[in-house]
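1. have a look at this prediction, sequence included:
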Amino acid sequence: MEKLIKAWFIITLITFMLFKLGETMTAAYTEPAGEGNPYVLVLLVGWPFVLLFIWITVRLARRTVASVNGLARVGLFAGSILMAGIGLYVNFGQASSLRDGIRASENATYASGWNQFTNIIYANQLTFFVLTVSCMALGIVVSFVTSTKDEEQLK
């Protein structure tokens, strides 16, 4: 379990940096249009790390939650769903205001689709937070459906 926690910490840092690069490599929509979308290169290299992050987070949440009683599992699940909902609500609000800003700017031709101005709408810290909490919620759900034999192997 200790190795899994260390691996999760390292992969979490890498994944967070990938999402943070989405913010830093995104051209401001108030700037003139540039050539291409450099963040696509980061996505091509980084997607395996995101998948690994999802897998390790679900596995770690499942192992951790399997050691508590049923009522605590329900509370953890409700809390993670609430946090994911709040994160999604805030994220949708930010995405909407960014889209409005892009449409109102002189770069109106870039208002739709994936381009150098819209990276930040999809790849930002709030998206990372929602991904993390959603993976934890999935791990909690999986801990409900695992058999007692599986729980014995986790200990």
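-> On my side now, so go ahead. Numbers count the residues shown, from 1 in each chain.
2. state the pLDDT value of the nearest residue to residue 26 once chain neighbours are set aside.
-> Nearest non-adjacent residue to residue 26, counting by Cβ to Cβ, 6 or more residues apart in numbering: residue 119, 4.0 Å away. Every C-beta, even on glycine, is put in place using the N, C-alpha and C of the backbone. Predicted confidence (pLDDT) for residue 119: 70.
3. distance between the lengthiest helix in the chain and the chain's centre?
-> Taking DSSP state H as the criterion, the chain has its longest helix at helix 70-104. On the basis of Cα atoms, centre = their mean, to the nearest Å, helix 70-104 is displaced by 11 Å from the centre of the chain it belongs to.
4. also stretch 55-66?
-> Mean-position distance between stretch 55-66 and its chain equals 16 Å (Cα atoms, centre = their mean).
5. contacts for it, please.
-> Stretch 55-66 is contacted from outside by 1, 4-5, 7-8, 11-12, 72-73, 76, 132, 135-140, 142-143, 146, 150-151, 154, using Cβ atoms under 8 Å, 6 or more residues apart in numbering.
6. do a quick rundown of the strands in this structure.
-> In order along the chain, the chain carries no strands (DSSP state E).
7. pLDDT weak spots in it?
-> 28-36, 105-118, 147-155 (pLDDT under 70).
8. what number of residues lie near the spatially closest residue to residue 125 that is not a sequence neighbour?
-> Spatially, and ignoring its direct neighbours in sequence, residue 125 is nearest to residue 19 (6.3 Å; Cβ to Cβ, 6+ apart). Burial of residue 19 is recorded as 20 neighbouring residues (other Cβ atoms under 10 Å).
9. surely residue 19 and residue 120 touch.
-> No - between residue 19 and residue 120 there is no contact under Cβ atoms under 8 Å: 10.1 Å.
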